[in-house]
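In: Return a 3D structure for these sequence lines:
(2 chains)
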2 protein chains.
Amino acid sequence: MGLMQVIVELKEMQSRSEAIRLQGKRLGCVPTMGALHEGHLELMREAKRRTGVVAASVFVNPTQFAPAEDLANYPRDREGDLKKMESAGVDIAFFPTAEAMYPKEARTWVTVEEITQELEGASRPTHFRGVTTVVLKLFHLMKPHLAVFGQKDYQQLKVIERMVKNLDLDIEIVPHPTVREPDGLAMSSRNRYLNPEERKQATALIRAIKKAQELVKQGECDPKKLVDEAKKIISKEPLAKADYVEVRDPETLKPIRRIEKSARMLLAVRVGKTRLIDNAELIR
Amino acid sequence: MGLMQVIVELKEMQSRSEAIRLQGKRLGCVPTMGALHEGHLELMREAKRRTGVVAASVFVNPTQFAPAEDLANYPRDREGDLKKMESAGVDIAFFPTAEAMYPKEARTWVTVEEITQELEGASRPTHFRGVTTVVLKLFHLMKPHLAVFGQKDYQQLKVIERMVKNLDLDIEIVPHPTVREPDGLAMSSRNRYLNPEERKQATALIRAIKKAQELVKQGECDPKKLVDEAKKIISKEPLAKADYVEVRDPETLKPIRRIEKSARMLLAVRVGKTRLIDNAELIR
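Out: Next up, the predicted model:
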């Protein structure tokens, strides 16, 4: 494809994607909120490996933030993002505006029931409605054959998979393993908010997960015991406070009584003022 | 295209549509609930005139019926429908099953706010959620460049237009004028339920509309007076009972105080046990 193309207009993105499809090429997409890090770039490289052409979007989606949340302060770095996208082999960088994505007459929502009420949805009742609505809009604009999503936002991935299946979208959802710092911290645009002491204590999330994985390997099948051990590790860090630590069914994200074959541990932890999430599979 | 193809499987419909698009052909679609009449066939012919290839679906969508409504008794005539579709130049007849459209794990809904709460939505709170969800699914399966909808279901048309715009679907929505019997009764699959006396009295709907149109032409701008005159005509028919008679803004369907340039009159009337709807523009 040569040089990366930057598109802002919705209709231009849509006709570009249609033209690529009509050429018989396969198109991959990676929706992001920008402030890109190595985790995002891995998703873009994965999309590139699987298709010929990659479109990646940067859009800080207002409808997935609650009024009290950090929309205004969410990190933005357009110039940095553009350089990183180009280095990752992105062909089309899509930067829609909030005014174009949500004009005054916007009244349509896509909602996925049940799975969106758990975990992140329990404390943020309209969060996933914002996510599914914007992702569906981006799919209609970018018209991809496949889309790559990181497992760091595991619940989001599962919600999107459900939406795609229920609405019969002809798009393959490719999950990508969480990309981590050398000490195991899951990469996140919010990590930049951590001061050096917070950054150190933030490794409690992956340490808690690793402890649970180890206990499951040793035969522990009781979610409650795993959660207790994980919480112990987090509570040892004075700047860390657990929002939730859960062991859930990996597909429905509902509570389970016992780990049969596998389960998912999911955590949300505040470290100072920064809220971090992480998750991993627990396999017997 | 030659002989009409009949498709039941969702994935087959989707790959057929994708193949047609990749051939550079334009594809029109007409979603229906079957029990086809001349009104439906006009939509199919209109789609055919505007594109090379037409796919029409027949699916009695359970999610747009309330539990007490006539889902089980809704007319079904597969053999008759197939013959009519072929005669109208349909290339692909799509007959998905309810089990395939709504598997057990279906949890995703598309909702359009505000406009869906008026008129038909006031007494049927989940009706339009069922309509928008199934139409979006059918769009994802049939992948049309354009879709033709009749103005007889005017609110449905406006809801779908809003959904298409808000979700950035790359599909042109083509409204088609209501097709009428020689005496003016709007064609409807439910007309077959009318006995001869009801059928006669059912013309009260179009007579009420014509009266309002005439009064507006004569300078009447007060919606209330138009509604009163229309209701008088309906109340003269002993078997007819108005559910609602309204004059509304033609885009938002909200109440208006005065007709400026144009407005929409919309009616729902029970004739015997059969509920009929109709609507028309009022122009000064």
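
In: Contacts only, for residue A:197.
Out: For residue A:197, the contact set (C-beta atoms under 8 Å, 6 or more residues apart in numbering or on different chains) comprises residue A:239. For glycine as for every other residue, the C-beta is placed from the backbone atoms N, C-alpha and C.

In: typed the wrong thing, it's residue A:74
Out: By C-beta under 8 Å, 6+ apart, the residues touching residue A:74 are A:33, A:35, A:60, A:65, A:189.

In: now the residues you listed as TSV including secondary structure and distance to residue B:173?
Out: Listed next are the contacts of residue A:74 as TSV, based on DSSP: H, G, I helix; E, B strand; the rest coil; distance: C-beta to C-beta, whole Å:
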residue	secondary structure	distance to residue B:173
A:33	coil	31
A:35	coil	37
A:60	coil	30
A:65	coil	31
A:189	helix	38
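
In: Just the closest of the residues you listed to residue B:24, please.
Out: Within the contacts of residue A:74, the smallest distance to residue B:24 is 36.1 Å, found for residue A:33 (C-beta to C-beta).

In: I figured residue A:259 hits residue A:250, correct?
Out: No: counting by C-beta atoms under 8 Å, residue A:259 sits too far from residue A:250 to count as a contact (10.4 Å).

In: More neighbours: those two, which one.
Out: More crowded of residue A:259 and residue A:250, by other C-beta atoms under 10 Å in any protein chain shown: residue A:259, with 20 against 17.

In: contacting residues around that one?
Out: A:216, A:221-223, A:226, A:247, A:282, A:284.

In: Filter those down to the buried ones, ChimeraX style.
Out: Those of the contacts of residue A:259 that count as buried under 16 or more other C-beta atoms under 10 Å in any protein chain shown are selected in ChimeraX with:
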select /A:216,221,223,226,247,282
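
In: Let's see which of the contacts of residue A:259 end up in strands.
Out: Among those, the members falling in strands (DSSP state E) are A:247, A:282.

In: for the contacts of residue A:259, which one is nearest chain B?
Out: residue A:247 (21.9 Å; C-beta to the nearest C-beta).

In: partners of the closest one in the sheet?
Out: On the basis of DSSP bridges, residue A:247 is bridged to residue A:265.

In: Can you verify my assumption that it contacts residue A:264?
Out: Yes: when contacts are counted by C-beta under 8 Å, residue A:247 is listed as touching residue A:264 (7.2 Å).

In: Need the residues touching each of these two.
Out: By C-beta under 8 Å, 6+ apart, residue A:247 and residue A:264 have these common neighbours: residue A:282.

In: Please give me every residue in contact with the most centrally placed residue in chain A.
Out: Nearest residue to the geometric centre of chain A (C-alpha atoms, centre = their mean): residue A:153, 3.5 Å. Contact analysis of residue A:153 by C-beta under 8 Å, 6+ apart lists residue A:277.

In: Please tell me how far it sits from residue B:84.
Out: 49 Å (C-beta to C-beta, to the nearest Å).

In: now do residue A:59
Out: 46 Å.

In: what does residue A:276 give?
Out: From residue A:276 to residue B:84 the distance is 60 Å (C-beta to C-beta).

In: neighbour count winner among these two?
Out: Using other C-beta under 10 Å as the criterion, residue A:276 and residue B:84 rank with residue A:276 on top: 23 against 20.

In: Who are the packing partners of the helix or strand the more buried one falls within?
Out: For residue A:276, the host element (DSSP states H and E) is strand A:274-283. Where contact means 3 or more C-beta pairs under 8 Å, 6 or more residues apart in numbering or on different chains; DSSP states H and E, strand A:274-283 is packed against helix A:204-217, strand A:262-271.

In: about what we covered before: want to try JSON lines for the contacts of residue A:74, with distance to residue A:18 and neighbour count as columns?
Out: Formatted as JSON lines, the contacts of residue A:74 follow (distance: C-beta to C-beta, whole Å; neighbours: other C-beta atoms under 10 Å in any protein chain shown):
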{"residue": "A:33", "distance to residue A:18": "25", "neighbour count": "17"}
{"residue": "A:35", "distance to residue A:18": "30", "neighbour count": "20"}
{"residue": "A:60", "distance to residue A:18": "26", "neighbour count": "17"}
{"residue": "A:65", "distance to residue A:18": "31", "neighbour count": "17"}
{"residue": "A:189", "distance to residue A:18": "31", "neighbour count": "19"}
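
In: export the helix or strand of chain A with the lowest mean pLDDT as PDB, just CAs?
Out: Within chain A, no helix or strand scores below helix A:120-123, which has a mean of 93 by mean pLDDT, DSSP states H and E. Output in PDB follows, covering the C-alpha atoms of helix A:120-123 (Å, rounded to 0.1, in the frame of the first residue of the first chain):
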ATOM      1  CA  GLU A 120     -16.700  -3.600  34.700                       C
ATOM      2  CA  GLY A 121     -20.400  -3.200  34.000                       C
ATOM      3  CA  ALA A 122     -21.500  -3.500  37.600                       C
ATOM      4  CA  SER A 123     -20.000  -0.100  38.500                       C
END
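
In: residues making contact with it?
Out: A:115, A:127-128, A:155-156, A:243-244, A:268, A:277.

In: Same question for stretch A:276-284.
Out: A:120, A:151-154, A:178, A:186, A:188, A:190-191, A:202, A:205-206, A:209, A:212-213, A:216-217, A:219, A:221, A:226, A:247, A:250, A:259-270.

In: Setting aside sequence neighbours, what's the nearest residue to residue A:205?
Out: In space, and not counting its chain neighbours, residue A:205 is closest to residue A:278: 4.3 Å by C-beta to C-beta, 6 or more residues apart in numbering or on different chains.

In: Who are the contact partners of the residue lying closest to residue A:177 once chain neighbours are set aside?
Out: Nearest non-adjacent residue to residue A:177, counting by C-beta to C-beta, 6+ apart: residue A:151, 5.7 Å away. By C-beta under 8 Å, 6+ apart, the residues touching residue A:151 are A:157, A:175-178, A:279.

In: ok, of the residues you listed, which come out buried?
Out: If we count by 16+ other C-beta under 10 Å, the contacts of residue A:151 have these buried: A:157, A:176, A:178, A:279.

In: which of those residues lies closest to residue B:166?
Out: Of the buried ones among the contacts of residue A:151, the one sitting nearest to residue B:166 (C-beta to C-beta) turns out to be residue A:157, at 24.3 Å.

In: where does the stretch 51-200 of chain A come near chain B, residue by residue?
Out: With the criterion set to C-beta under 8 Å from any C-beta of the partner chain, the stretch 51-200 of chain A comes near chain B through A:105-115, A:132-133, A:136-137, A:140-141, A:143, A:162-163, A:165-170.

In: Among those, name the ones in helices.
Out: A:132-133, A:136-137, A:140-141, A:162-163, A:165-166 (DSSP state H).

In: Adding pLDDT and neighbour count, write those residues out as CSV.
Out: Shown next, in CSV, are these (pLDDT from 0 to 100; neighbours: other C-beta atoms under 10 Å in any protein chain shown):
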residue, pLDDT, neighbour count
A:132, 98, 26
A:133, 98, 24
A:136, 98, 25
A:137, 98, 24
A:140, 98, 22
A:141, 99, 28
A:162, 98, 23
A:163, 98, 25
A:165, 98, 15
A:166, 98, 21
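
In: Any idea what the closest residue to chain B within the stretch 1-150 of chain A is bridged to?
Out: At 3.6 Å from chain B, residue A:108 is the closest residue in the stretch 1-150 of chain A, using C-beta to the nearest C-beta. Note on residue A:108: beta-bridge partners residue B:112, judged by DSSP bridges.

In: Perfect, that will be all.
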